[in-house]
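Chemist: Okay, predicted coordinates and the sequence, questions at the end:
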Amino acid sequence: MEKASKANCDLCTLCANPFVPSECHKGALIAAIAEAPGLSEVNIGRPLVGQAGQELDFIIAKVGSKRDKINFLNACDCRPMEGKANRTPTESEIDCCRARLEYELLQLKPLVIVCLGVSPYYSLFGKKPRKFTDVVGTEAEWKGIRVLITNHPAKILHEGGHGSALGKITKDAIENAMDKAVKLTTDRQLILIDDVPKDAALADDAPYTMLEELKRRCHSWFGNRTAVECKSCTLRFYCYRS
């Protein structure tokens with residue numbers, strides 16, 4: 001299997017290491033970005049399928065969603081190792097994979113990104129916060145896309161699992177972020193801005209659902225989490241939850 005395009009693999013110290021491609025699902029409006037693959041991910045060939053991934057699967061199910069509703073990506077596609085053990089990727093290794101991650105996100109066009117830990121935070125924003133705990137539970141924006149910042153699910157395991165007080169706090173933080181992401185991307189509709197006054201009640205039978213209707217009508221649409229505009233016909237649509 002060839003490595004992902006757009007990555008600067010020749011400059012990366014992980015170049016000879018096993019790699020795992022992103023797991024993308026047609027129509028998924030959420031992108032969850034983790035750190036890097038571990039041994040389980042290398043063996044199976046999919047991101048977030050080890051113990052940490054199982055913790056995340058449990059959370060996804062609890063908030064009423066499924067894996068096939070989410071795209072899974074990593075800050076680094078290749079496995080960072082210290083001997084035979086996993087390790088955190090360095091900033092230079094993340095830098096080498098940043099263009100690949102950016103390209104994939106721009107192709108996927110998610111409505112919301114869930115940033116799982118400090119490595120994807122650094123990949124998205126090019127810097128690390130002084131204390132990552134200070135940004136957990138906050139939001140940011142990346143190229144017009146809403147970003148929900150939370151912990152990596154491996155932190156639940158490092159803190160003793162669900163049974164420990166710290167493990168539960170971490171699990172709850174991730175669950176809050178995933179729940180918000182699901183709500184932001186569920187039962188959305190599109191209606192023409194010009195047809196509805198700003199203070200008007202939104203009808204239950206609004207004529208357009210999700211982005212698919214706009215894609216069908218127009219071939220040059222673009223947008224962010226709140227509005228979508230067509231460059232060709234100047235139609236403006238407003239996204240909202242029904």
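Modeler: Arrived safely.

Chemist: ok now the helix or strand where Phe72 lies, how far from the chain's centre?
Modeler: Per DSSP states H and E, Phe72 falls inside strand 70-74. Between the centre of strand 70-74 and the centre of its chain there are 6 Å (C-alpha atoms, centre = their mean, to the nearest Å).

Chemist: who touches that strand?
Modeler: Residues from elsewhere that reach strand 70-74 (C-beta atoms under 8 Å, 6 or more residues apart in numbering): 20, 22-25, 28, 30-37, 46-48, 60, 101, 104-105, 108, 110, 120. Glycine gets a C-beta too; all of them are placed from N, C-alpha and C.

Chemist: Likewise for stretch 9-19?
Modeler: Stretch 9-19 is contacted by residues 1, 3-4, 37, 42, 76-81, 89-90, 92-93, 96-97 when judged by C-beta under 8 Å, 6+ apart.

Chemist: Of the residues you listed, which belong to strands?
Modeler: Assignment to strands by DSSP state E places the following of these there: Met81.

Chemist: Buried only: go through the contacts of stretch 9-19 for me.
Modeler: 4, 37, 42, 76-81, 89, 93, 96-97 (16 or more other C-beta atoms under 10 Å).

Chemist: Any chance of those in TSV with distance to Met178 and pLDDT as columns?
Modeler: Converted to TSV, the buried ones among the contacts of stretch 9-19 look like this (distance: C-beta to C-beta, whole Å; pLDDT from 0 to 100):
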residue	distance to Met178	pLDDT
Ala4	25	59
Pro37	20	98
Val42	25	97
Cys76	22	97
Asp77	23	96
Cys78	26	97
Arg79	25	97
Pro80	25	97
Met81	29	95
Pro89	23	97
Glu93	27	97
Cys96	29	96
Cys97	24	96
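
Chemist: which ones among those are found in helices?
Modeler: Secondary structure defined by DSSP state H assigns Val42, Glu93, Cys96, Cys97 of the buried ones among the contacts of stretch 9-19 to helices.

Chemist: From Ala16, how far out is the last one?
Modeler: So that's Cys97. 15 Å (C-beta to C-beta, to the nearest Å).

Chemist: Widest-spaced pair of the ones in helices among the buried ones among the contacts of stretch 9-19?
Modeler: Val42 and Cys96 (18.4 Å; C-beta to C-beta).

Chemist: Show me the helices in this structure, by range?
Modeler: So, for the chain - with DSSP H - the helices run 39-44, 51-62, 91-108, 118-125, 154-158, 165-184, 212-217.

Chemist: and the ones you listed, which is most packed in?
Modeler: Of all the helices of the chain, helix 118-125 has the most neighbours on average by mean count of other C-beta atoms under 10 Å, namely a mean of 23.

Chemist: pLDDT below threshold where in this protein?
Modeler: Counting by pLDDT under 70, the chain contains low-confidence residues at 1-5, 187-242.

Chemist: mind giving me the domain split of it?
Modeler: 9-184, 188-241 (automatic domain parsing).

Chemist: quick one: terminal-to-terminal distance for the first one?
Modeler: Think domain 9-184. End-to-end distance of domain 9-184 (C-alpha to C-alpha, to the nearest Å): 35 Å.

Chemist: and Gly45, how far is that from Thr186?
Modeler: Using C-beta to C-beta, Gly45 is found at 29 Å from Thr186.

Chemist: Over to Leu14?
Modeler: Taking C-beta to C-beta, one finds Leu14 at 36 Å from Thr186.
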